[in-house]
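Peer 1: Sequence first, then the predicted structure:
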Amino acid sequence: MNPSIAQRLASVVAVVATPCVVIAVAVLLFLNPLWVAFDQGRSGVAGLTGYTPAQVQAVTGSVLSDLVFGPPNFAVPLTQGGPPILDERERSHMADVRTVILDLGLVALIAGALLVGVGVAARGRRWFWRAVALGGRVLAIGVVVVGVAFGLFFDQAFQTFHEIFFAAGTYMFDPTEKLVQLFPDQFWSETSIAISVAILILAIATTVIATRLGREPEPEAGARVGAWTP
């Protein structure tokens with residue numbers, strides 16, 4: 001029998017939602033002080049800023065806290081009662097970054113809710129897992145293509161990313177400014193590679209698992225009451 005319109009729409013939702021959820025999980029793996037401190041050390045941030053490693057860690061921790069939990073002040077001083085190390089334009093950009101992260105996080109939450117809802121409604125039917133597997137395959141191919149582009153043309157790709165999400169003139173900073181010194185090009189290059197690898201691994205794992213589940217015997221008819229039929 002041909003799939004119903006509801007099933008077709010649900011399959012499309014699953015295909016689209018799967019990459020959104022996988023990407024969100026991968027990004028969350030690196031949006032934490034442990035990774036940031038590790039790669040800041042590799043990037044020589046202490047030498048660039050002139051701060052001690054402890055000061056770099058304290059300042060970065062405050063920036064990450066404002067970024068994730070708010071409020072988005074980003075007015076962290078180097079010493080108690082001192083002036084903010086980020087100027088007004090840098091703080092404004094970080095507030096914009098937080099807005100983008102929250103917006104993308106909302107998209108990921110909606111995608112996750114839709115994926116769970118479709119999965120519950122499908123009740124283990126093969127078409128659901130095949131749709132998830134397709135979403136994983138599409139993401140794996142996409143991350144390879146985008147990863148190669150970032151690897152070969154990092155500066156151009158990084159610029160394009162900012163042009164998409166931020167207003168012109170709000171994201172260009174001098175290398176002497178603290179925001180650039182805290183998060184230099186090497187940091188972003190290595191973090192982008194790490195996130196891409198994580199996305200690829202998760203996408204492949206999702207594809208493999210969903211493909212296997214898509215080959216499992218269909219649930220008994222009595223267990224599918226109310227589910228979409230193929």
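Peer 2: Sure, I can see it. Numbers count the residues shown, from 1 in each chain.

Peer 1: what helices or strands is the top helix by length along the chain leaning on?
Peer 2: For the chain, the longest helix by residue count, based on DSSP state H, is helix 88-122. Helix 88-122 is packed against helix 5-30, helix 53-68, helix 126-152, helix 178-182, with contacts defined by 3 or more CB pairs under 8 Å, 6 or more residues apart in numbering; DSSP states H and E. Where you see a C-beta, it was placed from the backbone N, CA and C, and this is true even at glycine.

Peer 1: what's the closest non-adjacent residue to the most centrally placed residue in the chain?
Peer 2: Closest to where the C-alpha atoms of the chain average out (CA atoms, centre = their mean) is residue 27, at 3.4 Å. Counting by CB to CB, 6 or more residues apart in numbering, the nearest residue to residue 27 once its immediate chain neighbours are dropped is residue 195, at 6.2 Å.

Peer 1: Report the angle between whichever helix or strand the one you found is part of and helix 5-30.
Peer 2: If you go by DSSP states H and E, residue 195 is part of helix 185-213. For helix 185-213 against helix 5-30, the angle by axes from the mean of the first three to the mean of the last three CA atoms, to 10 degrees is 140 degrees.

Peer 1: looking at it, the residue nearest to residue 27 is touching residue 24, isn't it?
Peer 2: No: judged on CB atoms under 8 Å, residue 195 makes no contact with residue 24 at a distance of 11.1 Å.

Peer 1: ok, now which ones touch the closest residue to residue 84 other than its chain neighbours?
Peer 2: In this structure, residue 84 finds its nearest non-sequential neighbour in residue 75, 4.2 Å apart by CB to CB, 6+ apart. Contact analysis of residue 75 by CB atoms under 8 Å, 6 or more residues apart in numbering lists 84, 86, 91.

Peer 1: quick one: which of the residues you listed is most hemmed in?
Peer 2: Highest neighbour count within these, by other CB atoms under 10 Å: residue 86, with 22 neighbours.

Peer 1: Which residues are in contact with it?
Peer 2: By CB under 8 Å, 6+ apart, the contact list for residue 86 reads 63, 74-76, 94, 178-179.

Peer 1: now swap in residue 66 and tell me
Peer 2: By CB under 8 Å, 6+ apart, the contact set of residue 66 is 72-74, 76, 94, 98.

Peer 1: nearest to residue 200, of those?
Peer 2: residue 98 (27.0 Å; CB to CB).

Peer 1: how many neighbours does the closest one have?
Peer 2: Residue 98 is flanked by 18 other residues according to other CB under 10 Å.

Peer 1: Surely it touches residue 70?
Peer 2: Yes: contact criterion CB under 8 Å: residue 98 and residue 70 qualify, at 7.2 Å.

Peer 1: Confirm the residue nearest to residue 84 sits in a strand?
Peer 2: No: assessed with DSSP: H, G, I helix; E, B strand; the rest coil, residue 75 is coil; it does not lie in a strand.

Peer 1: thinking again about what came up before, what is the distance between the helix holding residue 195 and the centre of its chain?
Peer 2: 10 Å (CA atoms, centre = their mean, to the nearest Å).

Peer 1: How about that helix, which residues are buried there?
Peer 2: Under the neighbour-count criterion of 16 or more other CB atoms under 10 Å, helix 185-213 has 187-189, 191-192, 194-196, 198-200, 202-203, 206-207, 210-211 buried.
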